[in-house]
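In: quick check, what structure comes out for this input:
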Amino acid sequence: MIKTGLECFLGKIPDSFADRRFGLLSNQASTDARLRHSKDCLQERLGDRLTCLFSPQHGFFSEKQDNMIESGHWSDPATGLPLFSLYGESRRPTFEMFDLLDVLLIDLLDVGTRVYTFLYTMAYCLEAAAAWNKKVVVLDRPNPIGGLRVEGNLLSDDCTSFVGLYPLPMRHGLTFGELALYINTEFHLGADLEVIAMQGWRRSMSFGESGLPWVFPSPNMPTPATALVYPGQVIWEGTNVSEGRGTTLPFELVGAPFWEHEPIVRLLSATPLPGCFFRPLIFEPTSGKWAGASCTGFQVHVTDPDTFLPYRTSLALLQAVLRLYPDQFRYKDPPYEYEFERLPMDLILGSTTVRRQLGEGMPILAMEEEWQQGLAEFAGCRKGYFLYQ
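Out: As a prediction, the model looks like this:
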């Protein structure tokens, strides 16, 4: 079993932190290997030097179901500490919040995908720390979809939003600590940043190999299997197709009442989609899109995580649907993550060009070829921030 950054920090708190006041950005998935929450472990060690708590999107207990469902500030009954929401009336910490701390500890389970907003909450905290002369310490955790592969187009400048602030590919292959180092340096945020690395994690590890318990970091990320498909299946959030919300298998299930199995499978055969199997089924969401309606669709089974390409797979499926059902398929209208004018799909894909090429029927492999130079430059640059080989 590996040791997380939290456990390494608790094992030996640096002397340089004596008499410093601490805040903690976390949610319910921020636990040690025995499922004790980091706030409780830290309060036990730091006492009244732990002065405040922060939570990201979905709330501290990952209870808020969808985007733009805000959480309020409250007092944590277990510790008695103020708990500030960074997904409420503002997504940035205020001076008054940061005035309670000298060091912000960040202990969040990320899922390795550009559009997962925890990354941008961290970035806003780094900006605030630089502005107000505070230190940030990231307690690192595994990337649950591994640290080897990168995939997808880089975000374009005209598609920046709270689901994409930096030119990252959809699957970035970095841990949360490595991401912090990367964005703090490459985008000149200027924060006093330290990462407490894990012990024993390797880039090739699946989450199951880590020996750590899985606690869902957001309400529709119930298992590590969900995280594997998410870098592709998240695109359906920008459409009138169900991404499986309102079922027990969000993102693994996908479909709509107007879909048909055989025509879709036939078109998918034109694109190599390794490491997965589309199992046809019918499902009925209990909430969200098509609630109570029978959706014809698929469960995406990942048969080989090492070769599976989630982004390619979901783009191929989207392109098939665009071709087969032009009269029934719709892109979702704004708003999406506090963007009220731009098309949500463009923000998710990080590119208006990718959406246009999909609609024009450009082969997915040809699209991928256009991304290779930028992807190679990112892949080379990110190695300078590796904490694990």
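
In: show me the helices in the chain, by range?
Out: 5-11, 38-46, 95-98, 118-132, 176-186, 207-210, 224-233, 261-268, 310-324, 344-349, 352-360, 364-382 (DSSP state H).

In: which strands and helices sit next to the third one?
Out: Using 3 or more C-beta pairs under 8 Å, 6 or more residues apart in numbering; DSSP states H and E as the contact definition, the elements that helix 95-98 packs against are helix 118-132. C-beta: built from backbone N, CA, C; applies to glycine.

In: run through who's touching the lowest-mean-pLDDT helix or strand in the chain.
Out: Within the chain, no helix or strand scores below strand 74-75, which has a mean of 91 by mean pLDDT, DSSP states H and E. With contacts defined as C-beta atoms under 8 Å, 6 or more residues apart in numbering, strand 74-75 is touched by Leu81, Pro82, Leu83.

In: if I look at Gln65, how far off is Asn220?
Out: 7 Å (C-beta to C-beta, to the nearest Å).

In: the two: which is more packed in?
Out: With neighbours defined as other C-beta atoms under 10 Å, Gln65 and Asn220 compare such that Asn220 has more, 22 against 16.

In: I'd like to know how far Arg21 sits from Val103.
Out: 7 Å.

In: re the thing from before, a markdown table please, covering the helices of the chain and showing mean neighbour count, mean pLDDT and distance to Phe298.
Out: Putting the helices of the chain into a markdown table (neighbours: other C-beta atoms under 10 Å; pLDDT from 0 to 100; distance: least, C-beta to C-beta, whole Å) gives the following:
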| stretch | mean neighbour count | mean pLDDT | distance to Phe298 |
| --- | --- | --- | --- |
| helix 5-11 | 20 | 97 | 37 |
| helix 38-46 | 19 | 97 | 37 |
| helix 95-98 | 15 | 97 | 44 |
| helix 118-132 | 21 | 98 | 28 |
| helix 176-186 | 22 | 98 | 31 |
| helix 207-210 | 17 | 95 | 23 |
| helix 224-233 | 24 | 98 | 11 |
| helix 261-268 | 15 | 98 | 8 |
| helix 310-324 | 22 | 98 | 8 |
| helix 344-349 | 24 | 98 | 20 |
| helix 352-360 | 17 | 98 | 18 |
| helix 364-382 | 14 | 97 | 17 |
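
In: how about residues contacting stretch 365-378?
Out: Contacts of stretch 365-378 (C-beta under 8 Å, 6+ apart): 150-154, 167-169, 172, 271-272, 312, 315, 354, 357-358.

In: just to revisit the earlier point, quickly run through the sheet partners of the least confident helix or strand of the chain, with directions.
Out: Using DSSP bridges, strand 74-75 pairs in its sheet with strand 82-85 (antiparallel).

In: circling back: select, from the contacts of stretch 365-378, the two members most distant in space.
Out: Greatest spatial distance among the contacts of stretch 365-378 (C-beta to C-beta): Pro167 and Pro272, at 26.7 Å.

In: which of the two has more residues huddled nearby?
Out: Between Pro167 and Pro272, counted using other C-beta under 10 Å, the more crowded position is Pro167 (19 against 12).

In: per-residue pLDDT, Leu165?
Out: According to the prediction, Leu165 has pLDDT 97.

In: typo on my end, it should be Leu81
Out: The model's pLDDT for Leu81 equals 96.

In: same thing with Thr248?
Out: So Thr248 comes in at 97 (pLDDT).

In: report the contact partners of it.
Out: Pro222.

In: redo that, cut-off 6 Å
Out: With contacts defined as C-beta atoms under 6 Å, 6 or more residues apart in numbering, Thr248 has no neighbours.

In: how near is it to Thr286?
Out: 10 Å.

In: which residue is nearest the centroid of this structure?
Out: Tyr116 (2.7 Å; C-alpha atoms, centre = their mean).

In: how far away is that residue from Gly177?
Out: 15 Å.
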